[in-house]
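Novice: here you go, sequence then predicted model.
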Amino acid sequence: MPTLCLLRHGESLWNRENRFTGWVDVPLTDKGREEAIRAGLLLRGYRFDVAYTSRLERAIETLELVMLAMGYRVPVIKDEHLNERHYGDLQGLNKDEIAKTYGEEQVRLWRRSFRARPPNGESLEDTQRRTVPFFKNTILLDLINGKNVLVVAHGNSLRSIIMYLEDVPEDKVPQLEIPTGQPIVYDVYWDQEAHMLKIRSKSVLR
């Protein structure tokens, strides 16, 4: 039974400053590095065969610290399909200040809904159009072949994948939260008759 672990990167500088980050390459904070190391310690009982991450430094550094804490390295595949959603014109701006300009409800829709698209940016639906095909064409194949897979990515890229994995309906998406530095571990199997990946168990390591 292969294992799939999804992990959001540790706290970044703009997480701490409450800014929209998106594709801007900002570093982890000291707290973020501590979260990454703690996640690696929590995962010491697992043995991964391959790791996937985005092209953004906060995810890459998180993965490096996780492997350091686990005590072993695995082959790493970096791909922009796992990047955070692109927040367009909002990138770098403070979320509270934007709420004063556009209203709290509009900002909530941009951040939490499935279809609302920020100016010149991606909706979660747009993000899912790149993350899920990538998952099916690469990560899923590793799982089918019995490999244990670690994915270190971002809040929204992981939300879009979890929607697919757990068949989360659109109206439940606003409640789907992915904390920083907290591993989500699935034991999965491939259902030959249904021709789909199914989850045998899920645990959140704290």
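Specialist: On my side now, so go ahead.

Novice: when you work out contacts or count neighbours from here on, use the C-alpha atoms and nothing else.
Specialist: Fine.

Novice: what's the burial count for residue 172?
Specialist: Neighbour count of residue 172, defined by other C-alpha atoms under 10 Å: 12.

Novice: so how far is residue 187 from it?
Specialist: Distance from residue 172 to residue 187, counting by C-alpha to C-alpha, to the nearest Å: 23 Å.

Novice: same check on residue 165?
Specialist: Counting by C-alpha to C-alpha - residue 165 and residue 187 are separated by 12 Å.

Novice: got the residue ranges for the strands in the chain?
Specialist: According to DSSP state E, the chain carries its strands in the segments 3-8, 50-53, 76-78, 149-153, 184-191, 196-204.

Novice: and the ones you listed as TSV, adding mean neighbour count and distance to residue 32?
Specialist: Formatted as TSV, those follow (neighbours: other C-alpha atoms under 10 Å; distance: least, C-alpha to C-alpha, whole Å):
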stretch	mean neighbour count	distance to residue 32
strand 3-8	24	10
strand 50-53	22	16
strand 76-78	15	20
strand 149-153	26	13
strand 184-191	18	17
strand 196-204	13	18
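
Novice: I'd like the distance between residue 205 and residue 86.
Specialist: Counting by C-alpha to C-alpha, the gap from residue 205 to residue 86 is 28 Å.

Novice: ok, those two, which is more surrounded?
Specialist: Each of residue 205 and residue 86 has its neighbours counted (other C-alpha under 10 Å); residue 86 has more, 23 against 12.

Novice: which residue packs closest to the more buried one, ignoring adjacent ones?
Specialist: Take residue 86 and drop its neighbours on the chain: the residue closest to it by C-alpha to C-alpha, 6 or more residues apart in numbering is residue 22, 4.6 Å away.

Novice: quick one: closest of the strands of the chain to residue 104.
Specialist: strand 3-8 (25.2 Å; C-alpha to C-alpha).

Novice: which residues are contacting that closest one?
Specialist: 48, 59, 143, 147-155, 158, 178-188 (C-alpha atoms under 8 Å, 6 or more residues apart in numbering).

Novice: could you find the closest non-adjacent residue to residue 75?
Specialist: residue 50 (5.1 Å).

Novice: who's the one you found bridged to?
Specialist: residue 149 (DSSP bridges).

Novice: ok, it touching residue 145?
Specialist: No: the pair residue 50 / residue 145 is not scored as a contact, 11.9 Å apart, by C-alpha atoms under 8 Å.
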